[in-house]
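*Asks:* Pasting a predicted model and its sequence here:
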Amino acid sequence: MNIVIYGATELGCLIATEFFEDHDITIIDKEEKFTNNFSKLDIGFVVGNASNVDVLKKANIQEANLFLACSDVDEVNIVACLTAKRISGVRTVCFVGKEEYKTSLGLTKDSDFFSDLYIDDIIWPEELLTQDIFRIITVSEALDVENFANGRARLLEYKIQDNSVLVDKKVKECDFPRDTLIVGLSKNSELFIPNGDTVFESDDKAIFMGLSGSLDKLAGRFFHEKGATKSVTIIGGGNVGEMLAENLEDVRIKTKIIEKNQQRCEKLDENLSNTLVLRGDGTDLALLHEEDIASSDVVVSVTNNDEKNLLCSLLAKQLGVKRVISRVTKNVNIPLFEKVGIDIAVSAKNAALNEVKNSISGGKADILATVEQGRGEIIEICVKDNFNNIKIMDLKVPTKAIVAIIQRRNKIIIPKGDTQLKTNDNMIIFTTSENASIVKEFFNVM
């Protein structure tokens with residue numbers, strides 16, 4: 001696939017780094033934006049502004065399959081996408097940082113104001129980040145949550161605590177509920193697919209897939225110590241903080257927001273009906289004591305500043321908050337947050353990258369989600385005629401992969417070794433990112 005990216009930003013670099021080995025990538029931006037991170041990649045560069053027709057032609061936009069606009073300026077991204085669409089008809093993806101461009105532009109193909117000039121996809125990373133955080137909060141103790149088949153099946157990731165009954169046990173010795181599968185295990189930041197003899201250790205991250213009801217039983221038996229989340233404190237009342245509070249109100253979770261800016265507090269108080277809005281600084285230890293932050297089931301720090309989020313999160317941990325979720329704006333900081341004890345570090349850029357993967361994979365084999373900062377992938381593949389009636393145990397996939405879920409019309413199946421595949425079944429497969437292309441090739445969907 002030929003991909004043209006406008007914006008030598010951190011997000012642009014993440015996308016290019018993720019896909020340059022399998023796709024032809026061209027980056028458009030000012031010359032000074034091409035940092036050393038880009039020079040390490042085998043990609044093309046065009047100097048200029050992507051809203052300029054000549055610049056787009058120089059980047060061979062007529063031969064491109066996908067155009068991504070991810071500069072730091074929303075308006076420039078929008079114009080660049082419209083220009084690219086006008087001269088080539090290429091599929092366009094526009095990244096924006098303002099809600100009004102996501103909800104009110106009327107430029108998407110399915111809009112009421114649809115015309116011949118439109119943008120295929122408008123992505124607001126903060127919205128995706130909010131959705132990720134909300135899923136994590138509403139499944140108690142989970143590090144990651146992904147829903148499949150309209151919520152009937154799920155992926156859940158948990159950290160193995162020191163006092164867990166799973167510590168020092170082999171996978172085959174654990175009586176996991178029916179219709180659940182352990183598909184991945186992360187040890188010391190290395191993700192792999194475990195076997196029956198794999199031993200659980202403290203601080204491992206275990207990834208399970210299965211039917212939603214069965215995973216609820218798994219969680220209750222092995223991971224939930226205090227049941228469902230009942231109270232959340234959000235530090236930072238920006239877009240993410242407000243959207244998250246709205247979602248938490250919908251599921252009746254007691255919520256409070258700490259925000260420093262007076263005008264922003266007034267707007268939050270006006271827009272939120274059941275959220276306590278407090279004016280203050282999330283790094284003020286006296287305020288955190290006074291508001292009894294330690295009693296919150298979850299504290300979420302979602303300011304736009306990594307250093308402040310880290311400090312707020314560490315103070316919350318010091319006060320005894322069991323689950324702390326922290327927003328990270330610079331992806332390079334994620335390992336640092338995890339190393340110093342922050343339970344979950346989340347990134348809007350990673351959420352956006354996952355969305356792009358769906359656009360790039362497209363068609364025959366869709367990437368439904370990624371886990372562990374992109375080290376694992378969940379792929380959906382439709383079964384072809386040549387695999388009809390073959391048992392899972394007889395597939396002989398040339399790499400480590402697990403067929404975790406089969407969707408057969410309206411039926412959801414958590415397969416066993418003797419489960420037979422049927423033509424047009426939709427398989428949801430877990431594998432490591434480095435092996436994803438091998439799995440696709442095996443099932444003839446490359």
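*Replies:* Arrived safely, thanks for sending. Residues are numbered from 1 along each chain as shown.

*Asks:* pretty sure Asn77 is touching Leu68, no?
*Replies:* No. The pair Asn77 / Leu68 is not scored as a contact, 9.1 Å apart, by C-beta atoms under 8 Å. The way it works is simple: take the backbone N, C-alpha and C, and place the C-beta from them, glycine included.

*Asks:* So these two - more neighbours on which side?
*Replies:* Between Asn77 and Leu68, counting by other C-beta atoms under 10 Å, Leu68 is the more crowded of the two (32 against 27).

*Asks:* Over to Ala404. Which of the three states is it?
*Replies:* strand (DSSP: H, G, I helix; E, B strand; the rest coil).

*Asks:* Report the separation between it and Asn274.
*Replies:* According to C-beta to C-beta, to the nearest Å, Ala404 and Asn274 sit 37 Å apart.

*Asks:* Pull the contacting residues for Ser51.
*Replies:* For Ser51, the contacting residues are Val76, Val79, Ala80, Thr83, by C-beta atoms under 8 Å, 6 or more residues apart in numbering.

*Asks:* Return the backbone torsion pair for it.
*Replies:* phi -80, psi -10 (degrees, to the nearest 10).

*Asks:* circling back: anything in contact with each of Asn77 and Leu68?
*Replies:* When contacts are counted by C-beta under 8 Å, 6+ apart, Asn77 and Leu68 have Tyr6, Gly7, Phe95 as shared neighbours.

*Asks:* Near the residue lying closest to Asp42 once chain neighbours are set aside, how many other residues are there?
*Replies:* In this structure, Asp42 finds its nearest non-sequential neighbour in Phe20, 5.9 Å apart by C-beta to C-beta, 6 or more residues apart in numbering. Using other C-beta under 10 Å, the number of residues around Phe20 comes to 18.

*Asks:* on that earlier part again, dump the contacts of Ser51 into TSV; add neighbour count, distance to Lys33 and secondary structure as well.
*Replies:* TSV is the format used below for the contacts of Ser51 (neighbours: other C-beta atoms under 10 Å; distance: C-beta to C-beta, whole Å; DSSP: H, G, I helix; E, B strand; the rest coil):
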residue	neighbour count	distance to Lys33	secondary structure
Val76	16	13	helix
Val79	17	18	helix
Ala80	29	15	helix
Thr83	23	19	helix
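
*Asks:* which two of those residues lie the greatest distance from each other?
*Replies:* Pairwise distances among the contacts of Ser51 were taken by C-beta to C-beta; the largest, 10.4 Å, belongs to Val76 and Thr83.

*Asks:* Give me the common contacts of those two.
*Replies:* Ala50, Ser51.

*Asks:* got a pLDDT number for the residue nearest to Asp42?
*Replies:* In this model, Phe20 is scored at 89, pLDDT.

*Asks:* Now for it: which residues touch it?
*Replies:* By C-beta under 8 Å, 6+ apart, the contact set of Phe20 is Leu41, Asp42, Ile43.

*Asks:* For Arg154, give the beta-bridge partners.
*Replies:* Going by DSSP bridges, Arg154 is paired in beta bridges with Asn147, Gly210.

*Asks:* Correction: the previous question concerned Val299.
*Replies:* With DSSP bridges applied, Val299 shows beta-bridge pairing to Thr233, Val324.

*Asks:* State the number of residues packed around it.
*Replies:* So Val299, with other C-beta under 10 Å, has 28 neighbours.

*Asks:* Gly162 against Ser202, yeah?
*Replies:* One correction, residue 162 is Asp, not Gly. Yes. In this structure, Asp162 is within contact of Ser202 by C-beta under 8 Å, at 4.8 Å.

*Asks:* Between these two, which has more neighbouring residues?
*Replies:* Ser202 (13 against 7).

*Asks:* and that one, that's in a helix?
*Replies:* No. Membership of Ser202 in a helix is not supported by three-state DSSP, which gives coil.

*Asks:* tell me the contacts of it?
*Replies:* Counting by C-beta under 8 Å, 6+ apart, Ser202 has contacts Ile160, Gln161, Asp162, Ser164, Val167.

*Asks:* Now a ChimeraX select for only the buried ones of those.
*Replies:* Entered in ChimeraX, the line below selects the buried ones among these, by 16 or more other C-beta atoms under 10 Å:
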select :160,164
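
*Asks:* Same list (the contacts of Ser202) but as a markdown table, adding secondary structure.
*Replies:* Output for those, formatted as a markdown table (three-state DSSP):
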| residue | secondary structure |
| --- | --- |
| Ile160 | coil |
| Gln161 | coil |
| Asp162 | coil |
| Ser164 | coil |
| Val167 | coil |
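
*Asks:* Name the nearest of the contacts of Ser202 relative to Thr419.
*Replies:* Ile160 (28.4 Å).

*Asks:* separation between that closest one and Val167?
*Replies:* 6 Å.

*Asks:* Name the residues contacting each of these two.
*Replies:* Phe200, Glu201, Ser202.

*Asks:* got those residues as CSV, with distance to Ala149 and pLDDT columns?
*Replies:* Formatted as CSV, those follow (distance: C-beta to C-beta, whole Å; pLDDT from 0 to 100):
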residue, distance to Ala149, pLDDT
Phe200, 28, 96
Glu201, 32, 95
Ser202, 33, 94
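
*Asks:* Check the residues you listed against Lys440 and report the nearest one.
*Replies:* Nearest to Lys440 among the shared contacts of Ile160 and Val167, counting by C-beta to C-beta, is Phe200 at 30.4 Å.

*Asks:* pLDDT wise, what is the residue nearest to the closest one when sequence neighbours are not counted at?
*Replies:* With C-beta to C-beta, 6+ apart as the criterion, Phe200 has its nearest non-adjacent residue at 4.3 Å, and that residue is Leu166. Note for Leu166: predicted pLDDT of 95.

*Asks:* what are the phi and psi values for the most centrally placed residue in the chain?
*Replies:* Nearest residue to the geometric centre of the chain (C-alpha atoms, centre = their mean): Ala351, 3.9 Å. Main-chain dihedrals, Ala351, degrees, to the nearest 10: phi -60, psi -40.

*Asks:* Show me where the stretch 51-200 of the chain dips below the pLDDT cut-off.
*Replies:* Residues of the stretch 51-200 of the chain that meet the criterion pLDDT under 70 lie in 103-117, 140.

*Asks:* Which parts of it are strands?
*Replies:* 66-69, 91-95, 121-123, 144-148, 153-159, 180-187, 190-192 (DSSP state E, counting those that start in this stretch).

*Asks:* can you put these in JSON lines and add distance to Gln262?
*Replies:* Converted to JSON lines, those look like this (distance: least, C-beta to C-beta, whole Å):
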{"stretch": "strand 66-69", "distance to Gln262": "35"}
{"stretch": "strand 91-95", "distance to Gln262": "31"}
{"stretch": "strand 121-123", "distance to Gln262": "32"}
{"stretch": "strand 144-148", "distance to Gln262": "35"}
{"stretch": "strand 153-159", "distance to Gln262": "38"}
{"stretch": "strand 180-187", "distance to Gln262": "43"}
{"stretch": "strand 190-192", "distance to Gln262": "45"}
